[in-house]
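Q: Fold the following.
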Amino acid sequence: MRILVVTQYFWPENFRINDLVSGLLERGNSVTVLTGIPNYPEGSFFHGYGFFRKTSQEYHGAKVVRVPLIPRGNGSGVKLALNYLSFVLSVCFLAPFRCREQYDLIFIFEPSPVTVALPALFLKFLHKIPIMFWVQDLWPESLSATGAVTSRRILDVVAGVVRFIYRNCDKILITSRSFRQSIERHDGAPENIIYFPQSAEDIFHPIVETQTLAACNSIPPGFWIMFAGNIGTAQDFQTLIATAEKLKEHRDIHWVIVGDGRMREWAESEVKTRGLNDNFHFLGRHPLETMPAFYSHADALLVTLKKEPIFALTIPAKIQSYLACGRPVIAALDGEGARIVEEAGAGITCPAESADALCNAILKMYKTPKIEREKMGMSGRRYYEANFDRDMLLDKLYQWMKELVADCDRSRPHYANNK
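A: Next comes the predicted model:
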């Protein structure tokens, strides 16, 4: 099968679409990835990339076609809007000339923004082929929840765009079952919606704590609570830092933050102001392949989200990685993400945005014997294997793709005429 993947983010940026493309290649498909110039999360082009540099590459056998866009800068305001818009316009203008193969299917990866689907729809109508849209983030709900957009009029316009997109996608894949209601409310046909959760790359598995990490050398022994990933508005570092202040007397509890994001500077300043420097350790971003080693050093892995209805529907991608590595989890969030941790028996959950509740959850994990924490981790690993195994999910996806292409050939002649 010849598949065109449309995604604003791709290798060397760390997103799950990288591994999904590898999985499609492993199954004998020909894959072209139409993407932008890598600039996430730093906000500037990665070293060696530019408007006219590395515009064509190869990734494990996939053809990578890059179009110019305006870098996202600090990830807020006008610069971010221009980043989104420039990708849409670049794809619409350049893709017809740079992606001229006869594709069987278009696959859209949408962690945010939803506008990534607009140029893909243009290509759908141009090439007369079906589309699969993998929804990671619900718009316009997430715009409102993060405070990125407060104007009711703008939110209504975005909702109209979302309805147009959903109506014109042949299949809509959702990472959380709780997304279904929103998709249907915005005109997504119920029969076209399929639950397709995220998995984790094969590198994520339980490992023995044997690898020495230079980044951790400066952290004193004690009880390490590790947070990995984006440090943004949604991750609610306000509650995390407030909790650390409540636990200040427990000097052996250390908060190890592996990641980066636009709230990092604020978080570091707040930690300094509250006199928590001795217990907080911001290690920055590290290569994806090193993350299992980091996890193996943690006594508990932490996932947090703000208290918003949209976030209660979401399963943060780090949950799958945490479960895959067999480490105990502390989940300070509501809804679907908390349900999975509880159902897996993988750790301790508490409501979002409650410093008191998170404090109690941490103390409970802190007092739990190590052997019991290891049992939590292994229980999470078993749950991961049963529900999120990479190859199982990729096999399902490939089967759905073949069925969609076959159905379109049979029932919609204008698709087949292009072949």
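Q: When you work out contacts or count neighbours from here on, use the C-alpha atoms and nothing else.
A: Noted.
Q: which stretches of the stretch 51-200 of the chain form helices?
A: Taking DSSP state H, counting those that start in this stretch as the criterion, the stretch 51-200 of the chain contains helices spanning 77-98, 117-127, 141-145, 152-167, 180-185.
Q: Next, the residues that contact stretch 219-229 from outside, please.
A: Taking contacts as C-alpha atoms under 8 Å, 6 or more residues apart in numbering, the residues outside stretch 219-229 that touch it are 252-260, 281, 295, 297-303, 318, 366.
Q: Now do the buried residues in it.
A: Going by neighbour count (16 or more other C-alpha atoms under 10 Å), the buried part of stretch 219-229 is 223-229.
Q: Repeat that for stretch 268-281.
A: By 16+ other C-alpha under 10 Å, the buried positions in stretch 268-281 come out as 268, 270-271, 276-281.
Q: tell me the centre residue of this protein?
A: Nearest residue to the geometric centre of the chain (C-alpha atoms, centre = their mean): residue 317, 5.0 Å.
Q: In contact with the residue nearest to that one when sequence neighbours are not counted: list those residues for me.
A: If the residues on either side of it in the chain are set aside, residue 317 comes closest to residue 198, at 6.7 Å by C-alpha to C-alpha, 6 or more residues apart in numbering. Residue 198 makes contact with 16, 175, 317, 320, 388, according to C-alpha under 8 Å, 6+ apart.
Q: okay, who's weakest in those by pLDDT?
A: For the contacts of residue 198, the model is least confident at residue 317; its pLDDT is 90.
Q: Return the distance of it relative to residue 136.
A: Applying C-alpha to C-alpha, to the nearest Å, the value for residue 317 to residue 136 is 9 Å.
Q: Check what pLDDT the residue nearest to residue 317 gets.
A: Model confidence at residue 198 (pLDDT) stands at 94.
Q: Please apply the same query to residue 416.
A: Model confidence at residue 416, given as pLDDT, is 49.
Q: and the helix or strand hosting residue 382, which residues are buried?
A: Counting by DSSP states H and E, the element that carries residue 382 is helix 370-387. For helix 370-387, the buried set under the neighbour-count rule, 16+ other C-alpha under 10 Å, comprises 373-384, 387.
Q: Equivalent analysis for stretch 345-360, please.
A: For stretch 345-360, the buried set under the neighbour-count rule, 16+ other C-alpha under 10 Å, comprises 345-355, 357-359.
Q: that older thread, between the helices of the stretch 51-200 of the chain, which one is nearest to residue 5?
A: helix 117-127 (9.0 Å; C-alpha to C-alpha).
Q: quick one, the closest one and helix 152-167 angle?
A: Helix 117-127 and helix 152-167 meet at an angle of 40 degrees, taking axes from the mean of the first three to the mean of the last three C-alpha atoms, to 10 degrees as the criterion.
Q: Just the angle for helix 117-127 relative to helix 77-98, thanks.
A: Interaxial angle, helix 117-127 versus helix 77-98 (the same axes, to 10 degrees): 20 degrees.
Q: Mind listing residues that contact helix 117-127?
A: With C-alpha under 8 Å, 6+ apart as the test, helix 117-127 has contacts from 6, 88-89, 91-92, 95-96, 102-103, 106, 108, 110, 130-131, 133, 165, 168-169, 418.
Q: In the stretch 251-400 of the chain, what residue spans correspond to strands?
A: 253-258, 280-282, 300-304, 329-332, 347-350 (DSSP state E, counting those that start in this stretch).
Q: Pick the most buried one from the ones you listed.
A: Counting by mean count of other C-alpha atoms under 10 Å, strand 329-332 has the highest mean neighbour count of those, with a mean of 27.
Q: coming back round to it: most neighbours of all the contacts of residue 198, which one?
A: Sorting the contacts of residue 198 by how many neighbours each has (other C-alpha atoms under 10 Å) puts residue 320 first, at 25 neighbours.
Q: Many thanks, we can stop here.
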